[in-house]
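*Asks:* Provide a 3D model corresponding to the input given below.
(2 chains)
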There are 2 protein chains.
Amino acid sequence: MGLIVQKFGGTSVADIDRIRHVATKVKKERDAGHSLIVNVSAMAGTTDQLVNYVKQVSDLATDEAWAEYDHVVATGEQVTSGLLALVLQSQGIPAQAFNGWQIPIHTDNAHGKARVSRIETDAVRAALDAGKVVCVAGFQGIGEDGRVSTLGRGGSDTSAVALAAAFGAERCDIYTDVDGVYSCDPRIVPKARKMKHISYEEMLEMASQGAKVLQTRSVEMAMNHRVKLQVLSTFSDEPGTLLVDEEDIVEQQRVTGIAYSRDEARVSLTNVENVPGVSANLFGPLADRGINVDMIVQNVTEGGKATDITFTVPRGDLERTLEILKTAKRTPKYDSIHSDKNVVKVSVIGTGMRSHAGVAAEMFRALAEKQINIIVITTSEIKVSVLIEEAYLELALRALHTAYGLDAVDA
Amino acid sequence: MGLIVQKFGGTSVADIDRIRHVATKVKKERDAGHSLIVNVSAMAGTTDQLVNYVKQVSDLATDEAWAEYDHVVATGEQVTSGLLALVLQSQGIPAQAFNGWQIPIHTDNAHGKARVSRIETDAVRAALDAGKVVCVAGFQGIGEDGRVSTLGRGGSDTSAVALAAAFGAERCDIYTDVDGVYSCDPRIVPKARKMKHISYEEMLEMASQGAKVLQTRSVEMAMNHRVKLQVLSTFSDEPGTLLVDEEDIVEQQRVTGIAYSRDEARVSLTNVENVPGVSANLFGPLADRGINVDMIVQNVTEGGKATDITFTVPRGDLERTLEILKTAKRTPKYDSIHSDKNVVKVSVIGTGMRSHAGVAAEMFRALAEKQINIIVITTSEIKVSVLIEEAYLELALRALHTAYGLDAVDA
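*Replies:* Next up, the predicted model:
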């Protein structure tokens, strides 16, 4: 039997009792003959408290401050990893906790959002060979500067996948408080189905579209290193959802899942002067300030001399976006700005779109039948997204779920 | 101007406001032209909480468990050091936090009570040369096993002194919640005087006798490395007490200070068979269980065939002591065991005893005048200790303080 990497998030290790419960999950795989690297998050609430401390004393305006942020915030995972090792030891299972720097997990120096560059395997391998369960403080590594680095919120997923890749793990199990990836959010669509399999590409779209089961970067990394990733619940014994290569999915559907994001705000500029460089002048200053523009549409009007431009930004960035647009020199020239926070993005996702035509048309028809107005449309190879009024979100999701034949038979 | 090491304890960094206050103490020395290494404890209460977590999941019966204990408990200081660096940075003072392993402070592998073996200076020196205040997570180092180690409760004093020795600091300032070392506990003896100077040897006796201002090991280390140690208050601007060489104290008094300890329990065995090996048979099993026997007296009775033995142990260990004595084979044979928790140890301390006779006699006379019965007496070169009934503690301390001419003139 080979090596399995397990990852337990903050709610799975929220208190001592839950850490004890996690130990039973570890023990089960160990009893089945596996070697184990267990990657843990901070106890729920701990990271928030540490971040709160930091924000009380710093506006985090410098790289130096972010290095200290990491120094402080990484302690949450350190505590959990040690406690899990102790629980396992007290049950007679040899275990040893490792911080990121002790493995080491090398990262760049982008403190607060560092990227893993290289993982050394000798120290952990020695512990595994000695029969120990290796308990790793997730979410962290060590920068080239020799200082503690963190991988950003949700970084424990990333470090788990990175460990699975580095150690050639048989599987990487991401334990969370949901029991798998669903065809749609089951809180909104009761007929949503848990998927046994999903391709990396689809999961990537699901994750970045707001199905917050896995951090996007961790899915990318799993895809690049062909890590078999499984999402499953800490609180049940049901099998979860396995991420696999597209070609491993025998029966491909046109649409696999439907995702949505409420974190959208629409900005429209009317009668924008249609000259070369319009987009660069408009979106450059936003990118410079770190505002992530998502959907963009541009319609030429009045015989090509002017154009209307609509785009979306994260809701929390809307005020800053409007400020930047208004204070910047009016290049390009435009008549007026309109904005709207009551919009959501709905996306239908499926690798089957590559071979099935008419997926987008079916989406528009299903929405039209419910009298739902589409504000913006964007498409990619395996995804069609529309921006609609927030009030129609539930209606749209349920209509699309039925239209694409995703409804569970027994629900 | 040279380098100063500052150490701030848990109450000095209890919350964000206090950490801000600590920054003003740092700034003051920096403005005076000093380089600074600032060694901090965990925020008050944090270590207790972490220890509590550990104890919920482990009985700490193995070395492996203690290694995890260190892994968990060392995080408290890591948080404080990062927060202090951030506060300093936000005031425009360059600062960088270091964990024990980042300096590194090398220790042995005795997790939970490790001893410093060697301190590397390159990384910290580089930060100091770059004009940074170095904020060190106290109480911790890295073992030969590459794992986080802690120096035991109060270990932040020890790491501060070790840093001062390693870097040849001009002075090591231990900031605490008292403003110096007093001739006696001022809560009991209102006429107690704050001492401007005290010798290392005297401080060592004061500390180990229960004047809990400084951890004993830190004083030993300061003495061995001739570190100028100052004890002063975080919460006032008064000068504190400076620890110096005995020869640097011009006007030596017979008695410098009076210490006491309530952490005493008396055990008496009557009619102990007086054969060779009695003490070894009696105290060996106690030492094996880690029980620290302090005062011991033995009186031969009945023409030398039997003896009474009285000794003291820490109060919390009395039950275990009695259990060990009762369950052990009765070697040596004795008639009965008596014990008493209502006893305290009072010690008069002064390097001047070396050249002044009659210090002990004066102590006995002063106590006799107040009708205070002495149960046990022990003496060392610079100390006379007596065990008395706890009810007489305050009376004894005040009487002795006056008898040795220690009372403050203006109090």
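
*Asks:* from A:M221, how far off is A:A160?
*Replies:* 10 Å (CB to CB, to the nearest Å). Quick note: C-beta positions are derived from backbone N, CA and C, even for glycine.

*Asks:* neighbour-wise, which of these two wins?
*Replies:* Ranked by neighbour count (other CB atoms under 10 Å in any protein chain shown), A:A160 and A:M221 place A:A160 first, with 35 against 24.

*Asks:* let's verify the more buried one: helix, strand, or coil?
*Replies:* Under DSSP: H, G, I helix; E, B strand; the rest coil, the three-state class of A:A160 is helix.

*Asks:* give me the neighbour count for the residue lying closest to A:T379 once chain neighbours are set aside.
*Replies:* Leaving aside its sequence neighbours, A:T379 sits nearest to A:A360 (CB to CB, 6 or more residues apart in numbering or on different chains; 6.3 Å). For A:A360, the count of nearby residues is 16 (other CB under 10 Å).

*Asks:* so A:A360 sits in a strand?
*Replies:* No - looking at A:A360 with three-state DSSP, it is helix, so not inside a strand.

*Asks:* quick one: it and A:T310, what's the gap?
*Replies:* A:A360 sits 18 Å away from A:T310, going by CB to CB.

*Asks:* do the same with A:T121
*Replies:* When CB to CB is the yardstick, A:T121 and A:T310 sit 50 Å from each other.

*Asks:* what lies in contact with stretch A:312-326?
*Replies:* Contacts of stretch A:312-326 with the rest of the structure, by CB atoms under 8 Å, 6 or more residues apart in numbering or on different chains, involve A:262-267, A:269, A:282, A:285-286, A:289, A:291-295, A:337, A:339, A:341, A:343, A:345, A:376, A:387.

*Asks:* mean confidence for that stretch?
*Replies:* Across stretch A:312-326, the average pLDDT comes to 92.

*Asks:* next, count neighbours for A:P94.
*Replies:* 13.

*Asks:* which one is it nearest to, not counting chain neighbours?
*Replies:* Residue nearest to A:P94 in three dimensions, not counting chain neighbours: A:K132, with 4.4 Å by CB to CB, 6+ apart.

*Asks:* picking up where we left off before, contact partners for the residue nearest to A:T379?
*Replies:* Contact analysis of A:A360 by CB under 8 Å, 6+ apart lists A:I377, A:T379, A:V384.

*Asks:* by neighbours, which of those wins?
*Replies:* A:V384 (21 neighbours).

*Asks:* that one bridge partners, please.
*Replies:* Beta-bridge partners recorded for A:V384 (DSSP bridges): A:V348, A:T379.

*Asks:* could you double-check that it sits in contact with A:G350?
*Replies:* No - in this structure, A:V384 is not within contact of A:G350 by CB atoms under 8 Å, at 9.4 Å.

*Asks:* and the helix or strand where A:L232 lies, how far out from the chain middle?
*Replies:* Counting by DSSP states H and E, the element that carries A:L232 is strand A:229-233. Chain-centre distance of strand A:229-233: 14 Å, with CA atoms, centre = their mean, to the nearest Å.

*Asks:* A:L318 and A:V267, how far apart?
*Replies:* The gap separating A:L318 from A:V267 is 7 Å, by CB to CB.

*Asks:* swap that for A:R315, sorry
*Replies:* The spacing between A:R315 and A:V267, counted by CB to CB, is 11 Å.

*Asks:* these two: which is more packed in?
*Replies:* The neighbour count for A:R315 versus A:V267, taken as other CB under 10 Å, is higher for A:V267 (20 against 15).

*Asks:* mind listing the residues bridging to the more buried one?
*Replies:* With DSSP bridges as the criterion, A:V267 is bridged to A:F311, A:S339.

*Asks:* my guess is it contacts A:I337, does it?
*Replies:* Yes - in terms of CB under 8 Å, A:V267 counts as a neighbour of A:I337; the distance is 6.7 Å.

*Asks:* list the residues that contact both of A:L318 and A:V267?
*Replies:* A:S339.

*Asks:* residue ranges of the helices in the stretch 51-200 of chain A, please?
*Replies:* Along the stretch 51-200 of chain A, the segments classed as helices by DSSP state H, counting those that start in this stretch run A:63-73, A:75-90, A:122-129, A:155-166, A:200-208.

*Asks:* of the contacts of stretch A:312-326, which belong to helices?
*Replies:* Among the contacts of stretch A:312-326, the ones falling in helices (DSSP state H) are A:L282, A:P285, A:L286.

*Asks:* which of those has the most neighbours?
*Replies:* That'd be A:L282 among the ones in helices among the contacts of stretch A:312-326, by other CB under 10 Å, with 22 neighbours.

*Asks:* spatially nearest residue to that one (excluding sequence neighbours)?
*Replies:* For A:L282, ignoring the flanking residues on the chain, the nearest one in space by CB to CB, 6+ apart is A:P332 at 6.4 Å.

*Asks:* give the contact list for that neighbour.
*Replies:* Taking CB under 8 Å, 6+ apart, we find A:P332 in contact with A:V272, A:E273, A:V275, A:G277, A:V278, A:N281, A:L282.

*Asks:* let's see 10 Å
*Replies:* By CB atoms under 10 Å, 6 or more residues apart in numbering or on different chains, the residues touching A:P332 are A:269, A:272-282, A:306-307, A:309.

*Asks:* repeat for A:R30
*Replies:* The contact partners of A:R30, taken as CB under 10 Å, 6+ apart, are A:M1, A:I4, A:A23, A:L36, A:V38, A:L88, A:I93, A:A95, A:G131, A:V133.

*Asks:* ok, back up a step: and the following helix or strand past the strand holding A:L232, what other elements does it pack with?
*Replies:* Counting by DSSP H and E, the next helix or strand C-terminal to strand A:229-233 is strand A:241-244. Here strand A:241-244 touches strand A:171-176, strand A:197-199, helix A:200-208, helix A:216-224, strand A:229-233, going by 3 or more CB pairs under 10 Å, 6 or more residues apart in numbering or on different chains; DSSP states H and E.

*Asks:* ok, and what's touching the lowest-mean-pLDDT helix or strand in chain A?
*Replies:* Across the helices and strands of chain A, mean pLDDT, DSSP states H and E gives its lowest value to strand A:296-301, namely a mean of 78. Here strand A:296-301 makes contact (CB under 10 Å, 6+ apart) with A:268-272, A:274, A:278-279, A:282-283, A:306-312, A:375-378, A:387.

*Asks:* residues from the stretch 101-250 of chain A in reach of chain B?
*Replies:* Proximity of the stretch 101-250 of chain A to chain B, by CB under 10 Å from any CB of the partner chain, involves residues A:W101, A:Q102, A:A123, A:K132, A:C135, A:A137, A:I142, A:G146, A:R147, A:V148.

*Asks:* which members of these are the farthest-apart pair?
*Replies:* Farthest pair in these (CB to CB) is A:K132 and A:R147. Separation: 27.3 Å.

*Asks:* and the gap between the closest residue to A:I375 other than its chain neighbours and chain B?
*Replies:* Spatially, and ignoring its direct neighbours in sequence, A:I375 is nearest to A:L387 (4.4 Å; CB to CB, 6+ apart). Distance of A:L387 to chain B, computed by CB to the nearest CB, to the nearest Å: 40 Å.

*Asks:* surely A:L387 meets A:I374?
*Replies:* Yes - between A:L387 and A:I374 there is a contact under CB atoms under 10 Å: 7.2 Å.

*Asks:* neighbour count for the two, which is higher?
*Replies:* Using other CB under 10 Å, the more surrounded residue of A:L387 and A:I374 is A:L387, with 24 against 15.

*Asks:* who's in contact with that one?
*Replies:* Per CB under 10 Å, 6+ apart, neighbours of A:L387: A:261, A:264, A:266, A:294-295, A:297, A:310-312, A:340, A:343-346, A:373-378.

*Asks:* which of those residues are buried?
*Replies:* In these, burial by neighbour count holds for A:261, A:264, A:266, A:294-295, A:310-312, A:340, A:343-346, A:375-376, A:378, counting by 16 or more other CB atoms under 10 Å in any protein chain shown.
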